[in-house]
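> Whatever this is, show me its structure:
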Amino acid sequence: MVRTSRYEALFAQALRIRLFEERLIELYPFDKIQSPVHLSIGQEAVAVGVCESLTREDLLSTTYRGHAFYIAKGGRLPELMAELYGRANGISGGKAGSMHLAAPEVGMMGASAVVASTIPHAVGSALAARLRKTGQLSVVVYGDGATEQGVHHESLNFAALHQLPVLFICENNELAVHTRPDARQAYRIIDHVGTYGIEALRIEEGYDFLRVGDVVGATVEAMRRDGRPRFIEILTRRYKEHVGPGEDFAAGYRSRAEIESWMAKDPLIADADLVADLTPAIMKEIDEAVAFAEAGPLPDRSALLKDVL
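Presented below is the predicted three-dimensional model:
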């Protein structure tokens, strides 16, 4: 890989995500993290590549596996760590935890633990942007399992029917918890999307943030011109278990060799020299985020019903 300023910038952002989540793995056994965590280790290039061409005003909706997208969209680490600690100085006052991240100031809309539930929200945001003439794009990220939900099909249909500026991103790690696609799907995702007349692309190299950034960047540029919906399926692999900090190879639904073949192409593993160069500054930032979280107050009883509608 030829190093350029763009490569190094995206690499640094991806490494930031990985090192942050590796710190969560260290902290998790001490019961300091006050919610389950779905880690993006192995999938960082998707978040970094997708967010590269988005502005702060563009709206991003994501899933409960959302740390990577929060960071890539511009969210601050101290408030994220405090939220995971359940502290009042967290981004949602310690109430949202890992699975319901939101940072509207950078266009990161609320995530949800309910599979596929943010997809119609993103379509609604795109409709609002069209009516208000704001020029915003609405981007929604979800896993391959979400394509099996009825609301996914309803959202594709509505977006196509009204030609809304929504970018559907399927972050396809080919797992719904422990179940592979051939046990769940009688369709190819990209072919099914095409039946709605939505332009659909597939990226095989989900480990390559430059490739993801190039395709998403060209797609975003086209959408800013014509305001029409698009769909991109990005193949990727998560290295850790579905939820939690451990490995899951003993469960028997995937092999270590499968993940190791992906790791062999992972820039965050292959480019060890750049990792060594960048790690000290990133670790200092993460240490400061941990200190911010540990010094933060717990929510008190007066906050119990705040923000409850």
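
> now R211: how far from V48?
For R211, the distance to V48 (CB to CB, to the nearest Å) stands at 11 Å. Placement of C-beta: from N, CA and C, glycine included.

> Looking at these two now, which is surrounded by more residues?
V48 (26 against 16; other CB atoms under 10 Å).

> so the more buried one is in which element?
Using DSSP states H and E, the element containing V48 is helix 44-51.

> contact partners of that helix?
10, 13-15, 17-18, 40, 60, 68-69, 71-74, 139, 141, 169, 171, 206-213, 215-216, 234, 236, 267-268 (CB atoms under 8 Å, 6 or more residues apart in numbering).

> got any ranges where the protein has weak pLDDT?
Within the chain, the segments meeting pLDDT under 70 span 1-2.

> Going by neighbour count, list what's buried in stretch 263-276.
Neighbour counts over stretch 263-276 (16 or more other CB atoms under 10 Å) mark M263, D266, P267, L268, D271, L274, V275 as buried.

> Three-state assignment for I269, please.
With DSSP: H, G, I helix; E, B strand; the rest coil as the basis, I269 sits in helix.

> and the gap between the residue nearest to it when sequence neighbours are not counted and A45?
Of all residues not flanking I269 in the chain, M263 sits nearest, at 5.4 Å (CB to CB, 6 or more residues apart in numbering). Remark: distance between M263 and A45 (CB to CB) = 12 Å.

> Identify the contacts common to the two.
Between them, M263 and A45 share no contacting residue, judged by CB under 8 Å, 6+ apart.

> Over to stretch 193-213 now: how far is its first residue from its last?
Length of stretch 193-213, first residue to last, CA to CA, to the nearest Å: 21 Å.

> Equivalent analysis for stretch 104-119, please.
Using CA to CA, the end-to-end distance of stretch 104-119 comes out at 17 Å.

> Any buried residues in that stretch, and which?
Under the neighbour-count criterion of 16+ other CB under 10 Å, stretch 104-119 has V106, G107, M108, M109, G110, A111, S112, V115, A116, S117, T118, I119 buried.

> for stretch 192-202, same thing?
Those would be H192, V193, Y196, I198, A200, R202, for stretch 192-202 by 16+ other CB under 10 Å.

> So the second one sits against F168, correct?
So the one you mean is V193. Yes. With contacts counted by CB atoms under 8 Å, V193 reaches F168, the gap being 7.4 Å.

> what sits in contact with each of these two?
Residues touching both V193 and F168 (CB under 8 Å, 6+ apart): L156, F231.

> ok, how many other residues are close to R237?
When neighbours are defined as other CB under 10 Å, R237 has 21 of them.

> so who does it touch?
The contact partners of R237, by CB under 8 Å, 6+ apart, come to G42, Q43, N173, E174, G206, Y207, E258, I259, W262.

> redo that, cut-off 7 Å
Residues counted as contacts of R237 (CB atoms under 7 Å, 6 or more residues apart in numbering) are G42, N173, I259, W262.

> separation between it and R18?
Here R237 is placed at a distance of 14 Å from R18 (CB to CB).

> Tell me the one of the buried residues of stretch 104-119 nearest G97?
Using CB to CB, A111 is the member of the buried residues of stretch 104-119 that lies nearest G97, at 10.3 Å.

> most centrally placed residue in this structure?
Central residue of the chain (CA atoms, centre = their mean): F69, 3.8 Å from the mean position.

> The buried residues of stretch 192-202: which two are farthest apart?
Y196 and R202 (15.8 Å).

> Show me the strands in the protein, by range?
Using DSSP state E, the strands found in the chain span residues 59-61, 138-143, 166-172, 199-203, 230-235.

> Which secondary structure elements does the longest one sit against?
Contacts of strand 166-172 with other secondary structure elements, assessed using 3 or more CB pairs under 7 Å, 6 or more residues apart in numbering; DSSP states H and E, are made with helix 118-132, strand 138-143, helix 209-226, strand 230-235.

> In CSV, list those along with distance to H162.
As requested, the helices and strands packed on strand 166-172 are arranged in CSV below (distance: least, CB to CB, whole Å):
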stretch, distance to H162
helix 118-132, 7
strand 138-143, 12
helix 209-226, 14
strand 230-235, 14
